[in-house]
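K.L.:
give the three-dimensional model of this entry:
(chains A, B, C and D, ligands or ions: 4)
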Number of protein chains: 2
Amino acid sequence: MIDIKHFLRQNSLRPTKQRVIIANYLFDGVNKHVTAETLSNKLLKMKAGISLATIYNTLHDFYEKGLLKKLMINSERIYFDTNTEHHHHFYSKKDQKLIDINVDMKVSGLPKPPKNKKIKKIEVLVHLDN
Amino acid sequence: MIDIKHFLRQNSLRPTKQRVIIANYLFDGVNKHVTAETLSNKLLKMKAGISLATIYNTLHDFYEKGLLKKLMINSERIYFDTNTEHHHHFYSKKDQKLIDINVDMKVSGLPKPPKNKKIKKIEVLVHLDN
DNA sequence: TATCAGTTTAGAACGATTCTAATGTATTGA
DNA sequence: TCAATACATTAGAATCGTTCTAAACTGATA
Ligand SMILES: [Mn+2]
Ligand SMILES: [Mn+2]
Ligand SMILES: [Zn+2]
Ligand SMILES: [Zn+2]
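P.N.:
Ligands and ions are numbered 1, 2, ... in the order given. Below you'll find the predicted structure:
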């Protein structure tokens, strides 16, 4: 707990009760992909009475400090990823689950980007059938 | 125009005035990426008074007949793609624009999918900086 | 411990999309 | 040809994830 408080302070975030609970859950060493809804459900199970507004605020605050990555996989909700390294994903639409691909993948045969545009990042999404 | 009517009938779609206008625009030979909103704006410019409800209905009808592909690039709107071949994209967030990558790209170093899961398709999205 | 900037919260607002149900139209078979 | 009918269009309401608002609260600082 003291670690998390330090961690939050180091990232210019006040270690409030709610942030400590959320950070303890998100940054427990196991990478996670959450939406506001899945996080809210998890926190409900943990009997942490944190409002949805705070959950949205906190996810964005963490995102702005670079502690989370935002993933636009699905047009109906935003996923946040605790793995902030550049990586790729398996995605099961059926399960609404993401799985990290940390292996060094290489994309070959990429054409040149259009004039005056630079490539920022290449994202590979591997859709799973079932 | 007669071609489009045939085309719609061949796809079990009644060639109504609105569908003919929209299909003529979408399937004019130039691949397009549209959202309900961009399509609506385009139709407004063409003085075609087609309601938003019809635009949504038509995009979904065309999608269900396999005439359009749905792209989940951005969590705030759905893109429909007239290029129904398997292909990849450059994406400029700033311009909100997609550009097809039809070249044969190869992804190497892909790990095996999780147990009991099969790869359905690999999607590469190349984010552009500006 | 008072102060105050930053935080939490309920609920309103928002925006893309979907739904509803009334009206309109393409199709078809007599 | 032209009703009958099935399907399509539409305005506006509803939905749902997310963001905003503004009032109450709390952590940090002196
Ligand atoms: Mn969510
Ligand atoms: Mn749209
Ligand atoms: Zn990930
Ligand atoms: Zn495309």
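
K.L.:
who touches A:K94 in this structure?
P.N.:
Contact analysis of A:K94 by Cβ atoms under 8 Å, 6 or more residues apart in numbering or on different chains lists A:128, A:130. To be clear about C-beta, it is placed using only N, CA and C from the backbone, and glycine gets the same treatment.

K.L.:
next one: phi and psi at it?
P.N.:
Listed backbone geometry of A:K94 is phi -60, psi -50, with angles given as degrees, to the nearest 10.

K.L.:
so what's A:S12 up against?
P.N.:
For A:S12, the contact set (Cβ under 8 Å, 6+ apart) comprises A:K65.

K.L.:
please tell me how far it sits from ligand 1.
P.N.:
Separation of A:S12 from ligand 1 (Cβ to the ion, to the nearest Å): 25 Å.

K.L.:
I'd guess that residue is in a helix, am I close?
P.N.:
No - the secondary structure assignment for A:S12 gives coil rather than a helix, going by DSSP: H, G, I helix; E, B strand; the rest coil.

K.L.:
any regions of chain A where pLDDT drops low?
P.N.:
Counting by pLDDT under 70, chain A contains low-confidence residues at A:1-2.

K.L.:
can you show me the strands along it?
P.N.:
A:33-34, A:69-74, A:77-81, A:88-92, A:97-101, A:106-108, A:119-128 (DSSP state E).

K.L.:
buried residues in the fifth one, which are they?
P.N.:
Read it as strand A:97-101. The neighbour-count criterion (16 or more other Cβ atoms under 10 Å in any protein chain shown) identifies A:98-101 as the buried residues of strand A:97-101.

K.L.:
what do you get for the third one?
P.N.:
Residues of strand A:77-81 classed as buried by neighbour count (16+ other Cβ under 10 Å): A:78-81.

K.L.:
quick one on the thing from earlier: need the buried residues of strand A:97-101 in TSV with distance to B:F27, can you?
P.N.:
Written out in TSV, the entries for these read as follows (distance: Cβ to Cβ, whole Å):
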residue	distance to B:F27
A:L98	34
A:I99	37
A:D100	39
A:I101	36
